[in-house]
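>>> Attaching a predicted model along with its sequence, questions to come.
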Amino acid sequence: MKQISVWLIVFSSLISSSAWAYLDPGTGSMLLQVILGGVAAVGVAIKIFWYRIRAAIGLGKKSETAE
């Protein structure tokens, strides 16, 4: 079954014709938003991951105890 789908993809890519597509100016804006959103998501993921590593190692904020 898997081999049939691979051959179907190869065959359909070989017989495809040229696409006469129009990209309007809004497409560039949308791509820019997707890229910036991805960068922001990676930044947040790294921040969350970094705090978890610091907490696991023991380099996190230390609470002050009242003596």
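Cool, got the structure. The structure displayed is predicted, hence computed values, not measured ones. Residues are numbered from 1 along each chain as shown.

>>> Now do the helices in this structure.
2-14, 25-57 (DSSP state H).

>>> hey, least reliable of the ones you listed by pLDDT?
When those are ranked by mean pLDDT, helix 2-14 comes last with a mean of 79.

>>> What helices and strands are in contact with that one?
Applying 3 or more C-beta pairs under 8 Å, 6 or more residues apart in numbering; DSSP states H and E, we find helix 2-14 packed against no helix or strand. No exception for glycine: its C-beta is placed from N, CA and C like everyone else's.

>>> Buried residues in it, which are they?
Neighbour counts over helix 2-14 (16 or more other C-beta atoms under 10 Å) mark no residue as buried.

>>> Give me the distance between Val34 and Val10.
29 Å (C-beta to C-beta, to the nearest Å).

>>> what's the answer for Val39, then?
For Val39, the distance to Val10 - C-beta to C-beta - is 34 Å.

>>> same question, Ala56
46 Å.

>>> same question, Ile35
Ile35 is 30 Å from Val10, by C-beta to C-beta.

>>> Also Gly26?
Per C-beta to C-beta, Gly26 is found 34 Å from Val10.

>>> In this protein, which residue is most central in space?
Among the residues of the chain, the one closest to the centroid is Gly38, at 5.5 Å (C-alpha atoms, centre = their mean).

>>> quick one, what contacts that one?
Taking C-beta atoms under 8 Å, 6 or more residues apart in numbering, we find Gly38 in contact with no residue.

>>> Please renumber the chain so that the first residue is 32 from this point on.
New numbering, starting at 32: the last item is Gly69.

>>> Tell me, what's the model's pLDDT at Ser94?
58.
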